[in-house]
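Chemist: model this:
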Amino acid sequence: MMGHSHAVSGALVFAAAAPFLPETALGRPLDPGEVLMGTLLCAGAALLPDLDHHDGTAANFLGPLSRALCRLVALLSGGHRHATHSLLFVALVGAGSWAGIAQWGRNFTLGLVFVLLALAVQALQLHPPGTGPTAWLTTVGLAAVGTAALDVWLPGAPGWLPYAVTLGTLAHVLGDCLTKQGAPLLWPHRRRYELVLIRRTGNRLETRFLVPLMTMATFVLVWLAAFAPTILTG
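Modeler: Next up, the predicted model:
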C-alpha cells in the first residue's frame, strides 16, 4: 500500500477505536480535541513500519536526516518488509512509547508528537509537491507548529498516545497483508501472511475505491466519536 493509504487507514482505526478507549484504558471520555488529535497522530504512526524503506514516504519527512535513518533501520531489520512489519515490532513500538512517556514525561511526549505529526503531514501530502528542501522544510515547520500548539493545549502526558501509536503501526502491518508479498507477522519466523486484495501498489482499487471509502468513513467516525460516542458503544 502507498504511504497515503497507510496514513488514512491509521486515522480510520483510531477514529473507530476512540469511543472504546475510555472505558478500557483511560477511565474518562476523550474530548473532541483529543479525538481529532489522536486520529491525526495515528495517521502518522501508520508510517512507522516503513522506516525500513529508504525510498518510501517515511524516508522524506525530515529530508536527509530521515533518509539516513531509514537506511540504518533497513540495515538493522533485514530490509523492507521484514522485522518492522511484524507483530513483535507493533508490540515494541507500543510498549516503547508507553515506557518513554512514563520515564521521560513531557519532553518525550512532545518529541513523539513532533515525529508523528511530521509523518502525517508527509503522508497526507500537506506540503508542496516533491521531496526537495521546500517540501520537507514545510513538513518540519507544520509539525513544529502543531507540537507547540499541543504543548499549550494538552495537559501532562495523554494516556491515549501509546494506543494511537500501537493502532497506527498495527494498521500498517495488517494493510500490507492485503498486498502481494504480505507481511512476516510472526517474525523472526519467515513465513509471510497475505490475503491479496491489492495486486499492485497504487492501483485503481486502492486509490479510487479504498482510500476514498476509508476517508469518508474516517470523517463520519471522528464526528461520532467526538460528539455522539454512545451511538458506537451502545
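
Chemist: how about the helices in this protein?
Modeler: Counting by DSSP state H, the chain has helices at residues 3-17, 21, 32-45, 64-77, 87-123, 133-153, 161-176, 204, 211-227, 230-233.

Chemist: so what's Gly182 closest to, chain neighbours aside?
Modeler: Leaving aside its chain neighbours, Gly182 sits nearest to Glu194 (2.9 Å; criterion: C-beta to C-beta, 6 or more residues apart in numbering). All C-beta atoms are positioned from the backbone trio N, CA, C, and that covers glycine.

Chemist: show me the contacts for the one you found.
Modeler: Glu194 is in contact with Cys177, Leu178, Thr179, Lys180, Gln181, Gly182, Ala183, counting by C-beta atoms under 8 Å, 6 or more residues apart in numbering.

Chemist: What's the separation between it and Cys177?
Modeler: According to C-beta to C-beta, to the nearest Å, Glu194 and Cys177 sit 6 Å apart.

Chemist: lowest average confidence, helix or strand, in the protein?
Modeler: Counting by mean pLDDT, DSSP states H and E, the weakest-scoring helix or strand in the chain turns out to be helix 204, with a mean of 82.

Chemist: Leu62 touches Trp136, doesn't it?
Modeler: Yes: taking contacts as C-beta atoms under 8 Å, Leu62 lies within contact range of Trp136: 6.3 Å.

Chemist: right, and the helices of the chain - which one's nearest Leu51?
Modeler: Using C-beta to C-beta as the measure, helix 64-77 is the one of the helices of the chain that comes nearest Leu51, at 4.6 Å.

Chemist: Dump that closest one to CSV, keeping only the CA atoms.
Modeler: Taking C-alpha atoms only, helix 64-77 is exported to CSV below (Å, rounded to 0.1, in the frame of the first residue of the first chain):
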residue,chain,number,x,y,z
PRO,A,64,18.4,13.9,4.5
LEU,A,65,18.1,13.0,8.2
SER,A,66,15.1,10.7,7.7
ARG,A,67,16.7,9.1,4.6
ALA,A,68,19.8,8.3,6.6
LEU,A,69,17.6,6.9,9.4
CYS,A,70,15.6,4.7,7.0
ARG,A,71,18.8,3.2,5.6
LEU,A,72,20.0,2.4,9.1
VAL,A,73,16.7,0.8,10.1
ALA,A,74,16.7,-1.2,6.8
LEU,A,75,20.2,-2.5,7.5
LEU,A,76,19.3,-3.5,11.1
SER,A,77,15.9,-5.0,10.3
